[in-house]
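[1] Here is a sequence with its predicted model. Questions after.
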Amino acid sequence: MTEILGIVNVTPDSFSDGGLWFDRDAAVRHAVGLVARGADIIDVGGESTRPGATRIAISEEQRRVLPVVRELVARGITVSIDTMNAATADAAIAAGASIVNDVSGGLADPEMDDLIVASGARFVVMHWRGQSDTMALNARYRDVVSEVLGEIEYRAAQLIIKGVDPSRLIIDPGLGFAKHAAHNWTLLGHLDRFTALGLPVLIGASRKRFLGELVPGSAHASERDLASAVLAALAAREGVWGVRVHDVTMTRAALDVAAAWTAGAEEPAGERM
């Protein structure tokens, strides 16, 4: 069954919901509500990685996220920490987070690899070609599927050689990160190449700009939730481990439909009374 990672951005400037959950209590209430609506994991982030975003101080990132992580873990909720900083990941793991979701795949902070080796946490290896304020310059590919796949394989191999158990790795093609819309759709159309690696695959497409290009009148990111849920259901049928989403209710319904469809295909085709 595909896992749903509910997004909680404890930020003032995320592209979709910046500022809505910036207060700790509001963030916790929102996370609890996402779990009630079907989220399996809550992904907590304190630094926006939207296109053009600039970095913030690590101390500020930790001030935003650590109280939320502690409170959610105390309530028995599985938490993923969305960070590129090893110090923040370390503090979040100490607070009970069990997954580090690093959009740089460990490339932004030279201390991240050693932390992941020592920590025992699961680690998301996302495809990354630079910081948010410059990544668009790196969206150049001759064969986007082969290049993204190769770069993820190489990065995962580096971590395994350093001592990370492969069972703790999750891969993510990094939709929207140094990729144009056509790149994203090509990667999605060849998800089988990624699942064939034998590592769990995470897809983060929720409310992203390339979906808005398909939906007339979707200037506001929240108007892309239906498209996001359809994409999540299709990704689930391709065998991905998880989808990272804003609207958990719609996504849960879409995944349940996809699961029922798959179950129906496994039943004998004979007539039922």
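    Yes, it's here.

[2] Any chance you could list what contacts stretch 71-81?
    Defining contact as C-beta atoms under 8 Å, 6 or more residues apart in numbering, one finds that stretch 71-81 is touched by 5, 24, 28, 31-32, 35, 40-45, 65, 69, 88-89, 92-93, 95-101, 124. Where C-beta positions appear, they are placed from N, C-alpha and C, glycine not excepted.

[3] Parallel or antiparallel, which strands does the strand ranked longest in the chain pair with?
    Counting by DSSP state E, the longest strand found in the chain is strand 3-9. Strands that pair with strand 3-9, judged by DSSP bridges, come out as strand 41-45 (parallel), strand 242-245 (parallel).

[4] as a whole number, average confidence for that strand?
    Mean pLDDT, computed over strand 3-9, is 96.

[5] related to what we said a few turns ago, among the contacts of stretch 71-81, which lie within helices?
    Those of the contacts of stretch 71-81 mapping onto helices are 24, 28, 31, 32, 35, 65, 69, 88, 89, 92, 93, per DSSP state H.

[6] wait, which of these is closest to residue 219?
    Using C-beta to C-beta, residue 31 is the member of the ones in helices among the contacts of stretch 71-81 that sits closest to residue 219, with 27.0 Å.

[7] so what's the residue lying closest to residue 100 once chain neighbours are set aside scoring on pLDDT?
    Ranked by C-beta to C-beta, 6 or more residues apart in numbering and with sequence neighbours excluded, the top spatial neighbour of residue 100 is residue 89, at 4.6 Å. Reading off the confidence values, residue 89 has pLDDT 98.

[8] which residue ranges form the helices in the stretch 151-273 of the chain?
    181-189, 191-195, 209-212, 225-237, 248-266 (DSSP state H, counting those that start in this stretch).

[9] Residue 83: which of the ones you listed is closest?
    Closest among the helices of the stretch 151-273 of the chain, once you apply C-beta to C-beta, is helix 248-266, at 21.5 Å.

[10] In CSV, list the C-alpha atoms belonging to that closest one.
    This file holds the C-alpha atoms of helix 248-266, laid out as CSV (Å, rounded to 0.1, in the frame of the first residue of the first chain):
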residue,chain,number,x,y,z
VAL,A,248,-4.7,14.1,2.2
THR,A,249,-8.4,13.6,2.0
MET,A,250,-8.5,13.7,-1.8
THR,A,251,-5.3,11.7,-2.1
ARG,A,252,-6.6,8.9,0.3
ALA,A,253,-9.8,8.6,-1.8
ALA,A,254,-7.8,8.4,-5.0
LEU,A,255,-5.4,5.8,-3.6
ASP,A,256,-8.3,3.7,-2.3
VAL,A,257,-9.9,3.7,-5.8
ALA,A,258,-6.6,2.7,-7.3
ALA,A,259,-6.2,-0.1,-4.8
ALA,A,260,-9.7,-1.4,-5.4
TRP,A,261,-9.1,-1.4,-9.1
THR,A,262,-5.9,-3.4,-8.7
ALA,A,263,-7.6,-5.9,-6.4
GLY,A,264,-10.4,-6.3,-8.9
ALA,A,265,-7.9,-7.1,-11.6
GLU,A,266,-6.6,-9.9,-9.5
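
[11] Going by neighbour count, list what's buried in it.
    Judged by neighbour count using 16 or more other C-beta atoms under 10 Å, the buried positions of helix 248-266 are 248, 249, 250, 251, 252, 254, 255, 258.
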